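Visitor: here is a sequence together with a model predicted from it:
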Amino acid sequence: QVQLVESGGGLVQAGGSLTVSCRFSGGAFKTYAMGWFRQGQGKEREFVAAIGWTAPRPLYADSVKGRFTFSRDFAKDMANLQMNSLAPEDTAVYYCAAEELGSGSGRSNDYNHWGQGTRVTVYS
């Protein structure tokens, strides 16, 4: 059974950097598309970044393009989201998601495995 565990959230000053990670277990990591989504307080869950299981490069939401970098560590079965130039509007709970043989879409409904989330708070 696939399990996703996020880590690395915390409190960071605006302009700073933070990396959140997702540890994958219970399946063949290389055959899963991975995605990051976030949900701010009182807001709907929104797409952040994703990569398909065969995709050469990640897809990013316009709001994070150029600031966030999504990478996969196949040796450790982990998906990492490096976040730079953070702003208060990036404050949210960040969720890792996985879909077997997925294309790495930005639609949350395409993912059938989710982590519990890790909270990121950016203060000015």
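Guide: Nice, I can see it. Numbering: from 1, shown residues only.
Visitor: can you map out the helices along the protein?
Guide: Under the criterion DSSP state H, the chain carries no helices.
Visitor: which residues in it form strands?
Guide: Counting by DSSP state E, the chain forms strands over residues 3-7, 10-13, 18-25, 32-39, 46-51, 59-60, 68-73, 78-83, 92-100, 113-114, 118-123, given from the N-terminal end onward.
Visitor: and those: which comes nearest Arg107?
Guide: When the strands of the chain are ranked by proximity to Arg107, the top entry is strand 46-51, at 7.5 Å, counting by C-beta to C-beta. Placement of C-beta: from N, CA and C, glycine included.
Visitor: picking up where we left off before, export the strands of the chain to CSV and tack on distance to Gly106 and mean pLDDT?
Guide: Rendered in CSV, the data for the strands of the chain read as follows (distance: least, C-beta to C-beta, whole Å; pLDDT from 0 to 100):
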stretch, distance to Gly106, mean pLDDT
strand 3-7, 18, 98
strand 10-13, 25, 98
strand 18-25, 17, 98
strand 32-39, 8, 98
strand 46-51, 4, 98
strand 59-60, 6, 98
strand 68-73, 12, 97
strand 78-83, 14, 98
strand 92-100, 11, 98
strand 113-114, 15, 98
strand 118-123, 19, 98
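Visitor: so which of those strands has the densest surroundings on average?
Guide: strand 32-39 (a mean of 25; mean count of other C-beta atoms under 10 Å).
Visitor: now for that strand, which elements pack on it?
Guide: Helices and strands touching strand 32-39, as assessed by 3 or more C-beta pairs under 8 Å, 6 or more residues apart in numbering; DSSP states H and E, comprise strand 18-25, strand 46-51, strand 68-73, strand 78-83, strand 92-100.
Visitor: which residues are in contact with the longest one?
Guide: Counting contacts by C-beta atoms under 8 Å, 6 or more residues apart in numbering, the residues outside strand 92-100 that touch it are 2, 4, 6, 9, 20, 22, 24, 27, 31-41, 43, 45, 48, 53, 79, 81, 108, 110-120.
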